[in-house]
Each structure stands twice: as C-alpha cells, then as structure tokens.
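Student: The sequence isn't on hand, but the structure is:
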C-alpha cells in the first residue's frame, strides 16, 4: 500500500475557521491603528479596515480592544463600553459589505498598559517597574483576576453583539495573561505562580470563560508567545505544553503564535530595521531624551527574513492538531504556499499590507507579485498619529474632522 501526501490547500481559496466561512486564508494581522478616539470608533478607523477588505483579505483584525479601562495601552483605545458598540457595528457592517470577515483582538494590557492615560494603575502578576511609563504596575489580587476573566467573556459576548466573526484573545507580548506565563515577570507564590501549570492557569481559565460564554457562535483564536525574547522569560519549551493544554481544553478554534515582549524587547517580533530616531521623535519628554540616549539597547535590531517565525512555529505545529495561523514575514505567494506545505491553515500579514492594502488582490491576479515592504519598521511609531506606511503617505491618516462629531460613527 502506498501513502499519498495530501495536497496543500490553496491559500487564496475559501476556507472555514471554526463557525466562520472565509473567502480565503489570508488574515490582516492585528496592528494597532491609533485611529480610535476617547474609546470610540472613528470614520478613519472604519476606512482603515475597509481598505483591507477591498484589497482582498479573508479577514481583517481590529486591534486592540481592551477588556477593561485599565487594560488599555493608549488612552484612546477602544474598550467595550456602551458608547463604543454602535461604532463597532458600523465597522463590521462596512467590512462585511466588501466581502471580508472581521475579528476583534481582545485582551488586557497588564504591565504594558498606560496608567497615566487610563487614570488607573497598571496591573501585573507581581509588582513591576515599567521604564517607559516610569511607574510601578501593581500586583493584581484574586478579586482582580476574577474580574479580568469575566471581562474577557463579556468582551467576547459584546463582539458577537457588534457583528464580529471572530475574536483573537491576546495571550502574548507580556500583556497581562502573557506576563503570568513569564517566570521573569511572575514571582507569585499562590496558585497562579511557580510551576508552569500554575502560571498557565489564568490563560486556561480565561479561555474557558470565553468559550463557555460564546459557545460556537464566533470563531475563537488564541494569539500566544512562543518566546518573549528576554533571558529568563517564557520560551518555546513551555509554550508547547501550554498549547497542548489549550487544545485539550477545547477552548479555541485556532492558534496564532507570536514572539517578543512589549515590556522587555519590543522589536523581537518585527525583525528588520530599528527606527530609534523615529520613536524618539514622537515621545514626550523625558522619554524622548531616554530613547535618544539608550534607545538602541531597548529597541534592538534583528535581521529580517521571510517567514521568520516558521522555525519555532513548526514545533508547535508538530505538537498540536489545532488549525494554526502562521504570522511573521508573510509577504508574497511563495511564503503563503510555504505555510500551507508546512501544515498551517492560515497566514497573517501585517507590514506588507500597511504598504499595499490591495496586495492580496494583486497576488491573486499575478502570483509572482512581490511585496514592496522594505521592513524599515518606520510604520511602528506612526501608531501615535494613525498607523501607516511612511513610504506611501507621510501625513497622518486622521481626517480633518478628527475629534469632532462628524469624525465618529455610530
């Protein structure tokens, strides 16, 4: 008897993700847009995502929708208030009108949150001094942990109410749940600290709360670190069993593996140039002076290559049967096909689409189409003024009606 190797799927053909039918397997990765205002959806934010829907992605991801006010990393970020819901419904309707699905990235910033902008202390598994905000994150107590779990479930329910097709639960980048996973940041001695099983308790319990709340009414994606990129942090040898536990728990429909720490090594995920000067230019004092003086030690530079997370992600792929999204350096048809051959069911594209929102349509028309993204990462500091590729548009993506009633939707 001879065995046959299954033919890899076509990344641009329709596919199913949990309960959702997608027109193709390409997801616009979550890149914080900097286009919400006072927690409300603006016309600019809607236009941002409609652009990717028109450009051919199967699903676009709204980033980042905090589950609680103190969990925001920017004071203007959306969180799930009654005031934000009508605008989110306008956004999902507009994306659906272009034939694409839309996902909401939900999570709690934890020690990455901005306490000054939020008017509330940042929270962490253990007390932590954040060099960027120049303040301490407070250790979250048991009542706070229970509140955060419920807040994730409530956010998932509100996402359904607003018409989202999927949610992406943020368990990465040393946001709150990711910081619990990290032995470098989690020094607790209770049931949430110490062993990997204890450090993973918040992640598993939160995902159970989400799944129990939504059932199969919405696709549930987990975005989780494979590697914090920091000595003593969470690493692949621990990520593998955590993903196996999540699979056994039956709490998600797909995994999207990521890397890096917004606290300790933010450039570890992105690879390519380190735009230290551009970051300093948008920072207030005294952070501006600090970034100018020592930014190269924090905003480190890593060489870019296509599919740069594949080597680690394929080890997760070998350990679980869950559908997986390959993130990191997906810029052209060749990288998409490579992901499919490696057993991934979807790909996520970020910077390449910031440069060319219609890249998927053009690849569909001409498979050899190259990406114009040069991985300069100068798009990253623009999230303070409206995320964009500076090589295409050096002006803000915020319209003239920014902050005025005409600028909001819903």
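Tutor: Received, thanks. Predicted model, so just to flag it, every value in this text is computed and none were measured.
Student: Can you report phi and psi for residue 65?
Tutor: phi -110, psi 100 (degrees, to the nearest 10).
Student: Kindly report the same for residue 137.
Tutor: According to degrees, to the nearest 10, residue 137 has phi -80, psi 140.
Student: contacting residues for it?
Tutor: Residue 137 sits next to 110-111, 113, 115, 121-124, 127-130 when contact means CB atoms under 8 Å, 6 or more residues apart in numbering. Every C-beta, even on glycine, is put in place using the N, C-alpha and C of the backbone.
Student: Would you agree residue 182 is in contact with residue 238?
Tutor: No - using CB atoms under 8 Å, residue 182 makes no contact with residue 238, being 9.3 Å away.
Student: Between these two, which has more neighbouring residues?
Tutor: Using other CB atoms under 10 Å as the criterion, residue 182 and residue 238 rank with residue 182 on top: 23 against 19.
Student: contacting residues around that one?
Tutor: 174, 199, 228, 233-234, 261.
Student: do that again at 7 Å, thanks
Tutor: Counting by CB atoms under 7 Å, 6 or more residues apart in numbering, residue 182 makes contact with 174, 228, 233-234.
Student: That one and residue 190, how far apart?
Tutor: As judged by CB to CB, to the nearest Å, residue 182 and residue 190 stand 16 Å apart.
Student: for residue 181, same thing?
Tutor: 15 Å.
Student: of the two, who's got more company?
Tutor: residue 181 (26 against 12).
Student: Skipping adjacent residues, who's closest to that one in space?
Tutor: Distances taken as CB to CB, 6 or more residues apart in numbering place residue 234 nearest to residue 181, at 4.7 Å, with adjacent residues excluded.
Student: residues touching that neighbour, list them.
Tutor: Here residue 234 is in contact with 181-182, 225, 228 (CB under 7 Å, 6+ apart).
Student: Turn these into JSON lines, columns for distance to residue 275 and secondary structure.
Tutor: Converted to JSON lines, the contacts of residue 234 look like this (distance: CB to CB, whole Å; DSSP: H, G, I helix; E, B strand; the rest coil):
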{"residue": "181", "distance to residue 275": "28", "secondary structure": "helix"}
{"residue": "182", "distance to residue 275": "26", "secondary structure": "coil"}
{"residue": "225", "distance to residue 275": "23", "secondary structure": "strand"}
{"residue": "228", "distance to residue 275": "22", "secondary structure": "coil"}
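Student: Turn these into JSON lines, columns for distance to residue 170 and pLDDT.
Tutor: Formatted as JSON lines, those follow (distance: CB to CB, whole Å; pLDDT from 0 to 100):
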{"residue": "181", "distance to residue 170": "12", "pLDDT": "98"}
{"residue": "182", "distance to residue 170": "14", "pLDDT": "98"}
{"residue": "225", "distance to residue 170": "10", "pLDDT": "98"}
{"residue": "228", "distance to residue 170": "14", "pLDDT": "98"}
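Student: between those residues, which is nearest residue 7?
Tutor: residue 225 (32.0 Å; CB to CB).
Student: Can you list the buried residues in stretch 109-127?
Tutor: 109-115, 118, 120, 122-126 (16 or more other CB atoms under 10 Å).
Student: Could you do stretch 305-318 as well?
Tutor: 307-310, 312-317.
Student: which ones among the residues you listed are found in helices?
Tutor: Of the buried residues of stretch 305-318, the ones assigned to helices by DSSP state H are 310, 312-317.
Student: Among those, which one sits closest to residue 14?
Tutor: Using CB to CB, these come closest to residue 14 at residue 317, 22.2 Å.
Student: How many residues are close by the residue lying closest to the closest one once chain neighbours are set aside?
Tutor: Among residues not flanking residue 317 along the chain, residue 343 sits closest, at 5.1 Å (CB to CB, 6+ apart). For residue 343, the neighbour count with other CB under 10 Å is 16.
Student: Likewise for residue 249?
Tutor: Quick note: residue 249 (other CB under 10 Å) scores 14 neighbours.
Student: Also the one 5 residues further on?
Tutor: Using other CB under 10 Å, residue 254 has 21 other residues around it.
Student: cool, and residue 210?
Tutor: Neighbour tally, residue 210, other CB under 10 Å: 25.
Student: residue ranges for the helices of this protein, please.
Tutor: 43-54, 85-97, 115-118, 142-161, 176-181, 196-199, 201-214, 236-249, 276-282, 287-298, 310-319, 333-341, 351-355, 359-365.
Student: for stretch 134-147, which positions count as buried?
Tutor: Quick answer for stretch 134-147 (16+ other CB under 10 Å): 137-138, 140, 145.
Student: nearest to residue 58, of the residues you listed?
Tutor: residue 145 (35.0 Å).
Student: tell me the contacts of that closest one?
Tutor: 192, 202.
Student: try 10 Å this time
Tutor: 123, 125, 176, 180, 190-192, 201-202, 205-206 (CB atoms under 10 Å, 6 or more residues apart in numbering).
Student: one step back: wait, which of the contacts of residue 137 is closest to residue 49?
Tutor: Distances from residue 49 to these, taken by CB to CB, are shortest for residue 113, at 23.8 Å.
Student: Distance of the closest one relative to residue 222?
Tutor: 20 Å.
Student: Then residue 210?
Tutor: For residue 210, the distance to residue 222 - CB to CB - is 10 Å.
Student: what touches both of those two?
Tutor: 167, 169, 251-252.
Student: Can you say which two of the residues you listed are spatially most distant?
Tutor: Top of the distance list for these (CB to CB): 167 and 251, 11.8 Å.
Student: So for those two, which residue has more residues nearby?
Tutor: residue 167 (30 against 21).
Student: Make sure residue 142 is actually in contact with residue 202.
Tutor: No - if you go by CB atoms under 10 Å, residue 142 and residue 202 don't touch, sitting 11.0 Å apart.
Student: Identify the contacts common to these two.
Tutor: 191-192.
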